[in-house]
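A.B. asks: model the structure of this input:
(chains A and B)
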Protein chains: 2
Amino acid sequence: MIDWKKWKHVTKLDPDKTITPKAVAEIVDSGTDAIMISGTQNITKDNVSHLVEMLKDYSIPKVLEPAGTEGLRDDMDLIFVPSILNTDVAFWLMGVHKIWVQHFDVDWEKIVPEAYIVMNPRSAVAMVTKAKTEMTPREAAAYGECADRFFHFPIVYVEYSGTFGDPALVRAVREKLHGARLYYGGGINSREKAEEMARYADTIVVGNAVYEAEGVEKLRETIVK
Amino acid sequence: MIDWKKWKHVTKLDPDKTITPKAVAEIVDSGTDAIMISGTQNITKDNVSHLVEMLKDYSIPKVLEPAGTEGLRDDMDLIFVPSILNTDVAFWLMGVHKIWVQHFDVDWEKIVPEAYIVMNPRSAVAMVTKAKTEMTPREAAAYGECADRFFHFPIVYVEYSGTFGDPALVRAVREKLHGARLYYGGGINSREKAEEMARYADTIVVGNAVYEAEGVEKLRETIVK
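C.D. replies: Numbering: from 1, shown residues only, chains lettered A, B, ... in the order given. Okay, here's the model as predicted:
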């Protein structure tokens, strides 16, 4: 059984973006703890398969983070299933999950629920889920506390998607968590930024940086343990 | 610590309804496992206090089930906090909880989250929460499975509020539960109805019956263990 609770660094790969086999090999070898296959837009069975295929010879833990029921598959080590906290639309909090449970035979041993606090109003995830991103650190902390203590989410995920977030807000969420692990994602592309967020988050997630010029080199910088 | 997981029969008293001290004494003595103070409409600090005061000399476990932040208090044994699954309005699923957590200092040791499936479209709770009550047993079961496995609710509560429900639906929910206890409420006012629902539900809740003529006698009939 994969002990995902020990991960400190996760690399997110987007099925909708292009990556070379060489870059994949270097990412796997970088010291990151796991690969998360995740994207919000244009996720298809085909592009997920393509990425899974590129990763299949590596023993690094592989996680699928579905944006919907599209692209779901049985051959991943774990499935991290997001639920959006800061939206008025119940569909993104639990509606889509109910539909999924109703129509698929879920292997609950592989499921890790994630409570997302979506912070970047211009991100695809915020627009799709109608996230209410305007909030104080205290409000974000209340979302985190609720997710942790009321809904028993094992992961609370503060997601700034492509922009570097407010460390004070991440710290405020941290202070209210009891059992959940805190994930941070968004804008990490240097050692300095990685260290800053790793101070509060249990796990930092690096995504976009690997698609930039000298991406793998940047990724290596962000691995602080 | 009160072992609420062993309860098979709970009596719900509504702060907005009138009850005599004699009836309260008889209810406490009936064999019911706990008293739940709960209502949807006209719940005030005063009428909750009045009911709590009537119960204060009895050692029977007392649970408050708040409909909102109004009437919340610290002196109850436990607080069962409902969350409505079958609504599009995220506020009733977790929004009100977030506001509560943000503004009150919650004693999590006393909190038991409940996942409600609201079934009676004419009930106050359905109208207030805009519940989508039209559903198949399979759909109800998917809600239950989601609540149990994804959100780790310790209680899944099928609520027919004042009408006797569909045993096939309650059974379908039962079959999908893994860790959660199944509560059933609605229209139980005879031994036959109590036995029927107790076949599937771990705990049956009797409310309206105690306010009918010969209420306590009817209540005693519903205690099947």
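A.B. asks: now residue A:157: which helix or strand?
C.D. replies: If you go by DSSP states H and E, residue A:157 is part of strand A:155-159.
A.B. asks: chain A against chain B: which residues are in contact?
C.D. replies: For chain A, the residues in contact with chain B (CB under 8 Å from any CB of the partner chain) are A:81, A:83, A:85, A:87-95, A:97-99, A:101-102, A:106, A:108, A:111, A:113, A:138-139, A:141-143, A:145-146, A:149-153, A:178. All C-beta spots, glycine's among them, are computed from the backbone N, C-alpha and C.
A.B. asks: so which of those sit within strands?
C.D. replies: Under the assignment DSSP state E, those contribute A:81, A:83, A:111, A:113 to strands.
A.B. asks: identify the farthest-apart pair in those.
C.D. replies: Taking CB to CB as the measure, those span a maximum distance of 11.5 Å, between A:83 and A:111.
A.B. asks: for chain A, which segments count as strands?
C.D. replies: Going by DSSP E, chain A shows strands at A:9-13, A:34-38, A:62-65, A:78-84, A:111-118, A:155-159, A:181-185, A:203-206.
A.B. asks: just those: most buried one?
C.D. replies: Highest mean neighbour count of these: strand A:155-159, a mean of 27 (counted as mean count of other CB atoms under 10 Å in any protein chain shown).
A.B. asks: any idea how far residue B:95 is from residue A:142?
C.D. replies: 11 Å (CB to CB, to the nearest Å).
A.B. asks: contacts only, for the residue nearest to residue A:26 when sequence neighbours are not counted.
C.D. replies: Excluding the flanking residues, the one nearest residue A:26 by CB to CB, 6 or more residues apart in numbering or on different chains is residue A:216, at 4.3 Å. By CB atoms under 8 Å, 6 or more residues apart in numbering or on different chains, the contact set of residue A:216 is A:23, A:26-27, A:30, A:210.
A.B. asks: between those, identify the one with the most neighbours.
C.D. replies: residue A:210 (26 neighbours; other CB atoms under 10 Å in any protein chain shown).
A.B. asks: separation between that one and residue A:220?
C.D. replies: 10 Å.
A.B. asks: what's the span of stretch A:71-83, first residue to last?
C.D. replies: Stretch A:71-83 has its terminal residues 17 Å apart, counting by CA to CA, to the nearest Å.
A.B. asks: residues in contact with that stretch?
C.D. replies: By CB under 8 Å, 6+ apart, stretch A:71-83 touches A:2, A:4, A:15, A:36-38, A:43-45, A:47-49, A:52, A:61-67, A:92-94, A:97, A:100, A:104, A:107, A:110-116, A:153, A:155, A:157, B:150.
A.B. asks: now do the same contact list for the nearest residue to residue A:145 once chain neighbours are set aside.
C.D. replies: Spatial nearest neighbour of residue A:145, chain neighbours left out: residue A:176 (4.1 Å); criterion: CB to CB, 6+ apart. The contact partners of residue A:176, taken as CB under 8 Å, 6+ apart, are A:141-142, A:144-145, A:148.
A.B. asks: just send those back as TSV, with neighbour count too.
C.D. replies: Compiled in TSV, the contacts of residue A:176 are given as follows (neighbours: other CB atoms under 10 Å in any protein chain shown):
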residue	neighbour count
A:141	24
A:142	24
A:144	30
A:145	23
A:148	24
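A.B. asks: now those in CSV, with pLDDT?
C.D. replies: Shown next, in CSV, are the contacts of residue A:176 (pLDDT from 0 to 100):
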residue, pLDDT
A:141, 98
A:142, 97
A:144, 98
A:145, 97
A:148, 98
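A.B. asks: which among those gets closest to chain B?
C.D. replies: The closest of the contacts of residue A:176 to chain B turns out to be residue A:142 (CB to the nearest CB; 3.5 Å).
A.B. asks: so what's the closest one closest to, chain neighbours aside?
C.D. replies: Residue A:142 sits nearest to residue B:102 (CB to CB, 6+ apart), 3.5 Å away.
A.B. asks: I figured the one you found was touching residue A:139, is that so?
C.D. replies: Yes. Residue B:102 lies in contact with residue A:139 (CB atoms under 8 Å); the separation is 6.2 Å.
A.B. asks: one step back: can you select the buried ones among the residues of chain A next to chain B for me in PyMOL?
C.D. replies: In PyMOL, this line selects whichever of these come out buried by 16 or more other CB atoms under 10 Å in any protein chain shown:
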select buried, chain A and resi 81+83+85+87+90+91+92+93+94+95+97+98+99+101+102+106+111+113+139+141+142+143+145+146+149+150+151+152+153
